[in-house]
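Q: sequence first, then the predicted structure, then my questions.
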There are 2 protein chains.
Amino acid sequence: MFMVERMVEPIFKRLVIIGIGLIGSSITRGARAYGGIADKIVICDTSPAALARAEELGLGDEYTSDPAKAVAGADGVILCAPVGTYAALAQAIAPHLAPGCVLSDVGSTKQSVMQDITPFVPANVAFVPAHPIAGTEFSGPDAGLADLFRGRWSLLTPPAGTAEAAIVKIETMWKILGAQTARMDAAHHDRVIAIVSHLPHLIAFTICGTADDLAGETRGEVLQFAASGFRDFTRIAASDPVMWRDIFLNNKDALLEMFARFSEDAQAMARAVRKGDADYIEDKINRSRKIRKSLIDIKQA
Amino acid sequence: MFMVERMVEPIFKRLVIIGIGLIGSSITRGARAYGGIADKIVICDTSPAALARAEELGLGDEYTSDPAKAVAGADGVILCAPVGTYAALAQAIAPHLAPGCVLSDVGSTKQSVMQDITPFVPANVAFVPAHPIAGTEFSGPDAGLADLFRGRWSLLTPPAGTAEAAIVKIETMWKILGAQTARMDAAHHDRVIAIVSHLPHLIAFTICGTADDLAGETRGEVLQFAASGFRDFTRIAASDPVMWRDIFLNNKDALLEMFARFSEDAQAMARAVRKGDADYIEDKINRSRKIRKSLIDIKQA
Ligand SMILES: NC(=O)c1ccc[n+]([C@@H]2O[C@H](COP(=O)([O-])OP(=O)(O)OC[C@H]3O[C@@H](n4cnc5c(N)ncnc54)[C@H](OP(=O)(O)O)[C@@H]3O)[C@@H](O)[C@H]2O)c1
Ligand SMILES: NC(=O)c1ccc[n+]([C@@H]2O[C@H](COP(=O)([O-])OP(=O)(O)OC[C@H]3O[C@@H](n4cnc5c(N)ncnc54)[C@H](OP(=O)(O)O)[C@@H]3O)[C@@H](O)[C@H]2O)c1
């Protein structure tokens, strides 16, 4: 058994992580902890502070701020920066990607990422877009956790015609990191994620602002007496502003569609409160409870 | 030191808890754990199951489903049922309240509770409305925790002219249970709590329904890939339907005002997404982050 494991080649000889924040550093930590992912990990970040910190933490084997230099000779490259940077990054690295290299990403929006990256991908490079459904409200290289992806999903949205072997490499990587994988259409991905992640964040950011706009005395007390509902919302709202700005702008259509549906439903609930329609309110609350129960049943709670 | 503690009288000789759910059973558990609150605890609940379970758990000294019988001879009575039951309960117990008794409650809305109860309070009984800002998404006698209130606030909204000694008794009880207390105007309480608790719950209940309305395939995947934002919302939305229905109906005005403010802000955010106004979005997210930071600073996160 031991011999067999030693003899198995890791998925990548030279794996480049571009953007060493929460997600990038969780991948490198997991790669170290579980093995079998990469012989050598190259870390690239435009933030000198993040790069220095990654080196201090020993998250990789090489460190550079130059993406073109980082990807030279690599057989695996994963973009882990905010999605708004992907088009420029793809353009910068494309001429330097080695034949046979697998290019992937972890971006939270998939149609925009594919639109931004695909035009630059050389014919002899496979592009396998992925999105791990895992995270915390923290960011930066210190926030990473080797088991961040354990028990979670990573959703792959490979374009038609992508080499199967390349897809399997990325799937295997996520499985080693403890995630289950699923393949789906990018447009479908964006709608599902708009309601389970992007809309909740938009709402959480908004309600914090609404509270902050209240007149002086009330505002101080909002903080002082923050109840559990609001506290949970502020935690969601503590996430990285640049990352979320990029997500909203890059999943605009699906996000706005889900927002419109939510707004209608919220107006209907407000109307029921105004009219004192006890049955409607109780019914809606009972329904939400059932959804929570389903989540607990499938262990995603 | 030991002698002094033994010599101090508990606040109440006979304390009646009406409604032995999450909050009621947390008070009785805390009273047992910390001492100094009551010589004898009488538990009253209309649910035979809750009452039987409370007796099994040994949460009190006497158990009855008859509120009139429960309060006879009591010097402390705390209503811990959903706020929609308070008017009828007050009417039922009023003729049986002993002179000098302190009547209190834990209801999450305070103007409605005062309107519902005050007309029935005999002249020789003090009414001290209170609202502990603490809870979980669970309910029933098994959900209670002796330290549920530790480090939290209990807000008192005594009407003008309430005997100071009665207010101090209720404040002392909450302090023994580990909470800080503050006195405030009931209308002000209702506005603050509308934004920190009632509106977040309305939103959480709503978004679960919005997700559940999605067409077949997407809906299954919403559950399967539930990301952290949505998971947190479903947890908030798992709370007791009757309790929350009553809260919404009894804090209608403040809740609808805060909902209107939130709706406007959410529409503005959606407009910024539609127009691609990156600065606006980033600015709003940065502001929410600051609120989270303030909460952490004052240890209410
Ligand atoms: N956080 C989550 O919950 C989550 C979950 C799933 C997927 N994702 C996706 O994962 C990606 C990264 O998120 P994260 O939470 O790990 O973010 P993060 O902690 O903020 O880290 C991102 C890192 O990328 C760096 N960076 C920015 N532009 C760059 C560029 N052009 N080239 C190289 N590095 C660059 C950032 O540096 P600066 O600090 O200087 O900008 C930062 O160090 C995003 O695309 C996001 O959509 C996030
Ligand atoms: N949960 C929170 O987060 C929280 C926080 C602060 C304040 N509060 C307030 O605390 C109160 C209780 O909430 P909870 O979470 O403890 O609720 P809970 O766990 O649902 O318990 C309420 C109990 O009261 C019983 N009850 C209902 N009507 C009654 C009546 N007329 N007479 C006697 N008992 C009756 C219920 O029986 P049935 O099951 O048969 O209805 C149940 O056993 C509410 O007013 C709420 O606004 C709640």
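A: Perfect, thanks for sending it. Ligands and ions are numbered 1, 2, ... in the order given.
Q: how many neighbours does the residue in the stretch 201-301 of chain A that ligand 1 sits nearest to have?
A: Residue nearest to ligand 1 within the stretch 201-301 of chain A: A:D240 (4.4 Å; Cβ to the nearest ligand atom). Any C-beta I mention is one placed from the backbone N, CA and C, and that applies to glycine too. A:D240 has 20 neighbouring residues, counting by other Cβ atoms under 10 Å in any protein chain shown.
Q: need the contact list for it.
A: By Cβ atoms under 8 Å, 6 or more residues apart in numbering or on different chains, A:D240 lies in contact with A:21, A:82, A:139.
Q: top of those by number of neighbours, please.
A: A:G21 (25 neighbours).
Q: right, and that residue touches A:C80 too?
A: Yes - in this structure, A:G21 is within contact of A:C80 by Cβ atoms under 8 Å, at 6.6 Å.
Q: what is the burial count for the residue of the stretch 51-200 of chain A found nearest ligand 1?
A: Using Cβ to the nearest ligand atom, the closest approach of the stretch 51-200 of chain A to ligand 1 is made by A:G135 at 1.9 Å. Other residues lying near A:G135 total 23 when counted by other Cβ under 10 Å.
Q: over to it. Which of the three states is it?
A: Three-state assignment for A:G135 (DSSP: H, G, I helix; E, B strand; the rest coil): coil.
Q: OK, contacts around it?
A: A:G135 makes contacts with A:22-23, A:148, A:239, B:227-228, as judged by Cβ under 8 Å, 6+ apart.
Q: hang on, isn't A:R14 packed against A:A74?
A: Yes - at 4.4 Å, A:R14 and A:A74 qualify as touching, with contact defined as Cβ under 8 Å.
Q: near chain B, anything from stretch A:285-300?
A: Yes - counting by Cβ under 8 Å from any Cβ of the partner chain, chain B is contacted by stretch A:285-300 at A:285-289, A:291-295, A:298, A:300.
Q: any regions of the stretch 151-300 of chain A where pLDDT drops low?
A: For the stretch 151-300 of chain A, residues meeting the criterion pLDDT under 70 lie at A:300.
Q: before we move on, back to that, can you flag the buried ones in the residues of stretch A:285-300 next to chain B?
A: Among the residues of stretch A:285-300 next to chain B, those that count as buried by neighbour count (16 or more other Cβ atoms under 10 Å in any protein chain shown) are A:285, A:287-289, A:291-292, A:294-295, A:300.
Q: neighbours of A:A123, just the number please.
A: The number of residues packed near A:A123 is 5, by other Cβ under 10 Å.
Q: what strand or helix carries it?
A: Assessed by DSSP states H and E, A:A123 sits outside every helix and strand.
Q: if I look at it, how far off is A:D105?
A: Distance check for A:A123 against A:D105: by Cβ to Cβ, to the nearest Å, it reads 19 Å.
Q: what about A:A187, how many neighbours?
A: Neighbours of A:A187 under the rule other Cβ under 10 Å: 13.
Q: name the SS class of the residue nearest to A:E55 when sequence neighbours are not counted, please.
A: The shortest distance from A:E55 to any non-neighbouring residue, by Cβ to Cβ, 6 or more residues apart in numbering or on different chains, is to A:Y63 (4.9 Å). Classification of A:Y63 using three-state DSSP returns strand.
Q: confirm for me that A:Y63 is in contact with A:I41.
A: No - if you go by Cβ under 8 Å, A:Y63 and A:I41 don't touch, sitting 9.9 Å apart.
Q: who has more neighbours, the two?
A: Set A:Y63 next to A:I41 and count neighbours by other Cβ under 10 Å: A:I41 wins out with 22 against 17.
Q: correct me if wrong, but that one is in a strand.
A: Yes - judged by three-state DSSP, A:I41 forms part of a strand.
Q: hmm, stretch A:274-292 in reach of ligand 2?
A: No - Stretch A:274-292 is not in contact with ligand 2 by Cβ under 6 Å from any ligand atom; minimum separation 12.2 Å.
Q: what does that stretch contact?
A: With contacts defined as Cβ under 8 Å, 6+ apart, stretch A:274-292 is touched by A:269, A:271-273, A:301, B:137, B:204-206, B:208-209, B:211-212, B:223, B:234-235, B:237-239, B:241-242, B:244-245, B:248-249, B:252, B:256.
Q: tell me which of these fall in helices.
A: Counted as lying in helices by DSSP state H, out of these, are A:269, A:271-273, B:204-206, B:208-209, B:211-212, B:223, B:234-235, B:241-242, B:244-245, B:248-249, B:252, B:256.
Q: narrow these to those that are buried.
A: Neighbour-count burial within the ones in helices among the contacts of stretch A:274-292 applies to A:269, A:272-273, B:204-206, B:208-209, B:211-212, B:223, B:234-235, B:241-242, B:244-245, B:248-249, B:252, B:256; the criterion is 16+ other Cβ under 10 Å.
Q: also within reach of ligand 2: list those from the residues you listed.
A: Among those, the residues lying close to ligand 2 (Cβ under 6 Å from any ligand atom) are B:V242.
Q: so which residue of chain A comes closest to ligand 2?
A: Closest contact between chain A and ligand 2, by Cβ to the nearest ligand atom, is at A:S228 (7.0 Å).
Q: since we're on that residue, how many residues are nearby?
A: Neighbours of A:S228 (other Cβ under 10 Å): 20.
Q: my read is that it contacts B:I236, right?
A: Yes - using Cβ under 8 Å, A:S228 is in contact with B:I236, at 7.3 Å.
Q: and A:I17, helix, strand or coil?
A: Following three-state DSSP, A:I17 is assigned to strand.
Q: grab the most central residue of chain A for me.
A: The residue lying closest to the centre of chain A (Cα atoms, centre = their mean) is A:S108, at 4.4 Å.
Q: tell me who's in contact with A:I41.
A: Counted by Cβ under 8 Å, 6+ apart, A:I41 has contacts A:15-17, A:28, A:31, A:59-62.
Q: try it again with 7 Å
A: When contacts are counted by Cβ atoms under 7 Å, 6 or more residues apart in numbering or on different chains, A:I41 touches A:15, A:17, A:28, A:31, A:60-61.
Q: how about it: what's its closest non-neighbour residue?
A: Nearest one to A:I41, counting by Cβ to Cβ, 6+ apart, is A:G60 at 4.1 Å.
Q: Three-state assignment for that neighbour, please.
A: Under the three-state scheme (three-state DSSP), the conformation of A:G60 reads as coil.
Q: need the helices for the stretch 101-250 of chain A, in chain order.
A: Listed in chain order, the helices of the stretch 101-250 of chain A (DSSP state H, counting those that start in this stretch) span A:111-117, A:164-176, A:186-193, A:199-212, A:216-224, A:228-236, A:241-250.
Q: tabulate those helices in a markdown table, adding columns for distance to B:G178.
A: Shown next, in a markdown table, are these (distance: least, Cβ to Cβ, whole Å):
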| stretch | distance to B:G178 |
| --- | --- |
| helix A:111-117 | 49 |
| helix A:164-176 | 44 |
| helix A:186-193 | 41 |
| helix A:199-212 | 26 |
| helix A:216-224 | 17 |
| helix A:228-236 | 16 |
| helix A:241-250 | 36 |
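Q: that older thread, whichever of the contacts of A:G135 end up buried, select them in ChimeraX.
A: The ChimeraX selection below is limited to those of the contacts of A:G135 classed as buried (16+ other Cβ under 10 Å):
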select /A:22,23,148,239 /B:227,228
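Q: which one of the contacts of A:G135 is nearest to B:I37?
A: Comparing those against B:I37 with Cβ to Cβ picks out B:S228 as the nearest, at 39.0 Å.
Q: for B:Q267, see how far away the closest residue in space to that closest one that isn't next to it in sequence is.
A: Spatial nearest neighbour of B:S228, chain neighbours left out: A:G135 (6.0 Å); criterion: Cβ to Cβ, 6+ apart. Distance, A:G135 to B:Q267, using Cβ to Cβ: 27 Å.
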